[in-house]
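Student: Sequence first, predicted model second:
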Amino acid sequence: MIKLPGLIDPHVHLREPGATHKEDFDSGTSAALAGGITLVLAMPNTKPPIFDADTLDLALDAAKQKAHCDYGQFVGAGPDNADWNEGKRKALPQRAAGLKMYLDSTFGELRLDDMSLWMPHFENYPKNMPIVAHSESRTMAAAILFAAIYDRPVHIAHISLKEEVLLIKAAKERGIKVTCEVCPHHLFLDKDLTGFGNLSGLTPGRMEVRPRLATQNDVDALWANLDVIDCFATDHAPHTIEEKDSDNPPPGFPGLETILPLLLTAVSESRLTLPDLIQKMYTNPKKIFNLPDQPETWVEVDEDQTYEIKAAEQFTRCNWTPFEGWKVKGKVRKVVLRGKTAFEDGKILAPAGYGRNVRD
Ligand code: NCD
Ligand code: ZN
């Protein structure tokens with residue numbers, strides 16, 4: 001048995017409000033606990049999107065009733081809500097996990113095209129609260145320039161390309177306040193499914209994800225530059241299997257229940273060390289996102305148990321996984337959250353509503 005700290009996932013989509021047939025705070029935080037994660041930060045591209053006091057309350061009220069693990073909720077950057085230091089909006093940043101800026105197109109309505117719309121957000125959002133950018137390739141370079149100009153930290157979500165990891169490395173070497181995360185699917189899958197072959201029977205619709213799966217060369221560059229990567233995050237983006245197999249498949253993969261076994265398997269193959277895993281799933285996200293301690297919190301893992309990933313055994317409501325049938329090594333046995341056994345041997349034991357808002 002190995003004992004890990006309660007792990008942190010700074011990037012999940014729990015679909016509440018508006019798309020609870022895909023996931024909600026109940027199923028999503030259950031999936032988190034089953035995956036060894038005790039704290040999730042939820043993204044704002046819901047229906048409606050979370051961008052002001054009323055919509056933030058919608059999400060936080062649902063979370064308060066339903067969450068089994070601890071949580072925070074991001075607000076989204078829109079064209080008209082950048083007055084973060086004025087009047088009614090002033091109190092908002094302290095109640096939110098951080099500000100999410102969608103600078104490239106993806107699922108949902110939040111998107112800021114024009115760079116003149118980025119400026120007031122960088123200027124006004126409190127410097128001690130996180131800004132996370134969905135920005136790919138050259139858009140990412142622009143977001144890093146904004147961090148330099150406004151001299152404030154920016155966290156780049158889900159990097160996937162060699163050019164991205166190399167540019168972040170160069171920016172860090174020059175003292176720019178940039179951090180980044182990478183998702184398991186960009187480490188274990190490539191666009192041609194060469195790495196492990198098409199073991200999980202991925203069809204074109206199921207392969208849709210933003211950022212798209214990249215080349216094997218990009219995947220290799222991420223592994224070669226793990227020291228540049230601050231966090232592992234799932235970008236848990238559940239869409240039902242029917243939606244993924246439809247004519248208009250939405251992008252996104254579930255990931256909460258597979259991140260830890262996949263990474264522990266990499267540890268068992270010496271592609272990663274356990275201290276690295278703890279740094280990227282606990283120490284660094286805690287620091288980057290200003291998260292409180294979770295006292296008396298840990299995860300017990302049977303590091304020798306091998307098993308097959310099966311969507312049918314997961315808590316996520318989406319009913320599929322891109323890693324179906326993969327053999328992994330390392331099973332979560334038990335999760336203790338703030339002194340209470342929250343998960344044990346496949347069962348969720350923390351009641352709905354046990355989870356706390358990290359900004360309270
Ligand atoms: C995410 C979703 O479905 O909400 N989809 C995805 O492919 N990652 C949105 C996002 O994070 O870009
Ligand atoms: Zn996302």
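Tutor: Cool, the structure landed. Ligands and ions are numbered 1, 2, ... in the order given.
Student: How many residues are close by Lys244?
Tutor: Neighbours of Lys244 under the rule other CB atoms under 10 Å: 24. C-beta here means a position set from N, CA and C on the backbone, and glycine is covered the same way.
Student: how about it, what does it touch?
Tutor: Gly205, Arg206, Glu208, Pro250, Trp320 (CB atoms under 8 Å, 6 or more residues apart in numbering).
Student: and what of Ile309?
Tutor: Contacts for Ile309 (CB under 8 Å, 6+ apart) come out as Thr258, Pro261, Thr321, Phe323, Glu324, Gly325, Trp326, Val328.
Student: Go through these and flag which are in helices.
Tutor: Cross-referencing those against helices under DSSP state H gives Pro261.
Student: And the contacts of Ile309, which of them are buried?
Tutor: The neighbour-count test (16 or more other CB atoms under 10 Å) applied to these identifies Thr258, Pro261, Thr321, Phe323, Glu324, Trp326, Val328 as buried.
Student: who's Ile348 bridged to?
Tutor: Phe343 (DSSP bridges).
Student: you'd agree it is up against Lys66?
Tutor: No. If you go by CB atoms under 8 Å, Ile348 and Lys66 don't touch, sitting 11.9 Å apart.
Student: restrict the contacts of Lys244 to those near ligand 1?
Tutor: Taking CB under 6 Å from any ligand atom as the test, ligand 1 is in contact with Pro250 out of these.
Student: Redo the contacts of Lys244 as CSV? Include distance to Gly18, pLDDT and secondary structure.
Tutor: Shown next, in CSV, are the contacts of Lys244 (distance: CB to CB, whole Å; pLDDT from 0 to 100; DSSP: H, G, I helix; E, B strand; the rest coil):
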residue, distance to Gly18, pLDDT, secondary structure
Gly205, 22, 95, helix
Arg206, 23, 96, helix
Glu208, 20, 97, coil
Pro250, 13, 97, coil
Trp320, 21, 97, coil
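Student: From the contacts of Lys244, list just the buried residues.
Tutor: Counted by 16+ other CB under 10 Å, the contacts of Lys244 give Gly205, Arg206, Glu208, Pro250, Trp320 as buried.
Student: For the third one, give me the backbone phi and psi.
Tutor: It refers to Glu208. phi -60, psi 120 (degrees, to the nearest 10).
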